[in-house]
Structure formats: structure tokens, C-alpha cells
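Q: mind folding the following:
(2 chains)
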Protein chains: 2
Amino acid sequence: MSKLYFEDFRLNSAMTYGAYRVTADEIRSFASEYDPQPMHLDKAEARKSLLGGLAASGWQSCSILMRMIIDGFLHNAASMGAGDIDEVRWFKPLRPDDVLHVRHTIIGMRASQSKPDRGFVNFHFQLLNQNDEIVMEQRNGIMFERRSPATTETAGEPA
Amino acid sequence: MSKLYFEDFRLNSAMTYGAYRVTADEIRSFASEYDPQPMHLDKAEARKSLLGGLAASGWQSCSILMRMIIDGFLHNAASMGAGDIDEVRWFKPLRPDDVLHVRHTIIGMRASQSKPDRGFVNFHFQLLNQNDEIVMEQRNGIMFERRSPATTETAGEPA
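A: Model (predicted):
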């Protein structure tokens, strides 16, 4: 499969990928380092919380989505990184033994005005569980290299 | 120190806390699990990237901020969790041996209309390094229990 550049993405196109199985150990391990709140660490405490049972840190769901994006397509793309996240919404608790997949839609594309070697692609990511319930949604932009840098100043010349 | 409830937060008030020292091992360990891109894993590859050297995954900086928020005040608060993130902006690479602190400002407060036992506090978080440079900014809301639930329907009655 040839490497993906800015020109290879299409506005309004969608893609689905995964699976990723989450374990109770992974939830507790992440939480003990970065989000040591009882609902992410202890089953009995978690049952008494609003989450109603052990559930992953929201930041772990973001991190897992990142990993799934890389495995899904970004490992094979000329990515230049991301500069911001426009929105994250958590809808359902991420539970032990959930098996996740990702669905994304491209909601915006824009070539850089100042840097002819790159363009921005805006994604709407949905992280879904095995019942097709949305665990999290996220909107953000990723910067990609252009295969053919813009040539506005040399238009008409051979590439 | 007594536990913090919704009523204990003040609009426009600010707070500073930390420190948290980031290591190269922690950066590589997180990246190998959740963000295995060369600029987060390998010093030589990272030097060739836009980041100009080894730097943490943006999701690791979010996770570290979460930990610092818990250690800074949330461990002692009647938190009911967060439902969304309004914005994340990454400004500076997070480097090995950076020592981070957090500054937050309360930019919004609102008692729940439907549930008298809780209220929402909106924070603007800044994650800063040892040179007081902003590594990341984030805006999000956290829900807290009220010490004294609203009593709109029983106003005038003894508590």
C-alpha cells in the first residue's frame, strides 16, 4: 500500500478500523499512574460511583484511540502531527473486556496557505464498543505532507 | 483541610501547583503503548522530525495534567467526574527532564438546573515547564457535589 499524502484524503469519506480489547489490568495500570481515582482503580468503589462499575480514565480512551488511529492508517501516512483538539465528548464508560473499533469521517480539508508542502485534514472520530455504542467522540485536525507541493508561483511550468 | 464542594470554588480565582518531572523512559514507555510514532520513541528519528528532538505524546501531556490536577486539589474534592473537553492546544514539545507545574483559572460556574445535588465548574488549565513556557492549554468542566443541595422547592423550610 503506497504512503498516504494530503492529496489522498477525501472530504466526507469515512473509514472503520479496529479491534482493540481493553483489560481490567490495563485500566488499573493506566489509572494508577495518571488518573488514580477510585472508579478507575477499584471494582467495589467503582460500583458506588456514578460510573456504576470499573471504567477506564477518559484520558486512557483518548490514548487508545490514538493507538488505533496509528494502527488503522496513520502509520502509513506522511503525518506531520496534530496541534490541537477541538472537542472530546465521553458518552459511555469504557469497561474491562470491551472490544473497540473506530469510525472516522473527514469533515474538513485545507491546504496550508503559508507552507506549500503541507495541508490540514479535520477528522471526526468515534470510538465504539462491541455493541456499536459510542464510547467517545473527538474532533481534531492532523497535518499531512503534500505529495506534490503547491506551485502557485510557478503555475504552468512542468512539475 | 476540609473537602472541597461546589460552593468552595470561586469564579475567576486561580491556583498553581506541581511539580512533576518527566523522564525519557516515561516518554518512551507511554509512546510504545499508545502513540508509537518515531518522534516519541527514538532520539535520532525525533531530531529529524518537526519536533526537533524526543518529545512526549500529546496524550501523555493530557494524562500528566490529569495526575497533577488530582494531586493538586481533586483528590480532596467531591468530584463527580468530567463529561467533555472543550479544547486542547499544544504549544511547546514536552521534553525529557522537563519539570512541569499547573496554573488554572475558574472561568465558569453553574449549579445544575435539573439535579440539585451538583454543580459544574469550568476550568482553564495551563501546563507550564520550568521556564514558565506553556506546553499545553486545556478548557474543560468538572462536576462537583454541592455541600448544601439547592432547595428551590422547599425554600423557607428549615434545612
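
Q: residues of chain A that sit close to chain B?
A: Contact residues, chain A versus chain B (C-beta under 8 Å from any C-beta of the partner chain): A:30, A:33-37, A:39, A:49-51, A:57-60, A:62-64, A:66-67, A:70, A:74, A:79-90. All C-beta spots, glycine's among them, are computed from the backbone N, C-alpha and C.

Q: hang on, A:Leu50 packs against B:Ser79?
A: No - the pair A:Leu50 and B:Ser79 fails to qualify as a contact (C-beta atoms under 8 Å) at a distance of 9.9 Å.

Q: strands along chain A, start to end?
A: Using DSSP state E, the strands of chain A run over A:14-21, A:79-81, A:84-90, A:99-111, A:118-128, A:134-145.

Q: longest helix in chain A, please.
A: helix A:58-72 (DSSP state H).

Q: and the contacts of that helix?
A: The contact list for helix A:58-72, computed with C-beta atoms under 8 Å, 6 or more residues apart in numbering or on different chains, reads A:15, A:17-18, A:20, A:22, A:26-27, A:30-31, A:34-35, A:56, A:88, A:90, A:94, A:100-102, A:104, A:125, A:127, A:135-136, A:138, B:30, B:33-37, B:57, B:59-60, B:62-63, B:66, B:82.

Q: buried ones only from these, please, as a ChimeraX command.
A: Buried subset of these, written as a ChimeraX selection, criterion 16 or more other C-beta atoms under 10 Å in any protein chain shown:
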select /A:18,20,22,27,30,31,34,35,56,88,90,94,100,101,102,104,125,127,135,136,138 /B:30,33,34,35,36,37,57,59,60,62,63,66,82
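
Q: contacts for stretch A:29-43 next, please.
A: For stretch A:29-43, using C-beta under 8 Å, 6+ apart, the contacting residues are A:27-28, A:45-46, A:49-51, A:53-60, A:63, B:63-64, B:66-67, B:70, B:74, B:79, B:81.

Q: quick check: end-to-end length of that stretch?
A: The straight-line separation of the ends of stretch A:29-43 (C-alpha to C-alpha, to the nearest Å) is 14 Å.

Q: how far is it from where the chain is centred?
A: Put simply, stretch A:29-43 sits 22 Å off its chain's centre (C-alpha atoms, centre = their mean, to the nearest Å).

Q: and the closest residue in space to A:Glu133 that isn't next to it in sequence, how far from A:Asp132?
A: Among residues not flanking A:Glu133 along the chain, A:Lys92 sits closest, at 5.2 Å (C-beta to C-beta, 6 or more residues apart in numbering or on different chains). Taking C-beta to C-beta, to the nearest Å as the measure, A:Lys92 falls 11 Å from A:Asp132.

Q: just for chain A, where's the confidence low?
A: A:1, A:150-159 (pLDDT under 70).

Q: which of A:Leu50 and B:Ser79 has more neighbours?
A: When A:Leu50 is set against B:Ser79 and neighbours are counted by other C-beta atoms under 10 Å in any protein chain shown, the residue ahead is B:Ser79, at 20 against 13.

Q: contacting residues for the more buried one?
A: Counted by C-beta under 8 Å, 6+ apart, B:Ser79 has contacts A:37, B:142-144.

Q: could those go into JSON lines alongside distance to B:Arg10?
A: Shown next, in JSON lines, are those (distance: C-beta to C-beta, whole Å):
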{"residue": "A:Gln37", "distance to B:Arg10": "23"}
{"residue": "B:Ile142", "distance to B:Arg10": "15"}
{"residue": "B:Met143", "distance to B:Arg10": "17"}
{"residue": "B:Phe144", "distance to B:Arg10": "13"}
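
Q: can you pick the most crowded of the residues you listed?
A: Top of the contacts of B:Ser79 by neighbour count (other C-beta under 10 Å): B:Phe144, with 22 neighbours.
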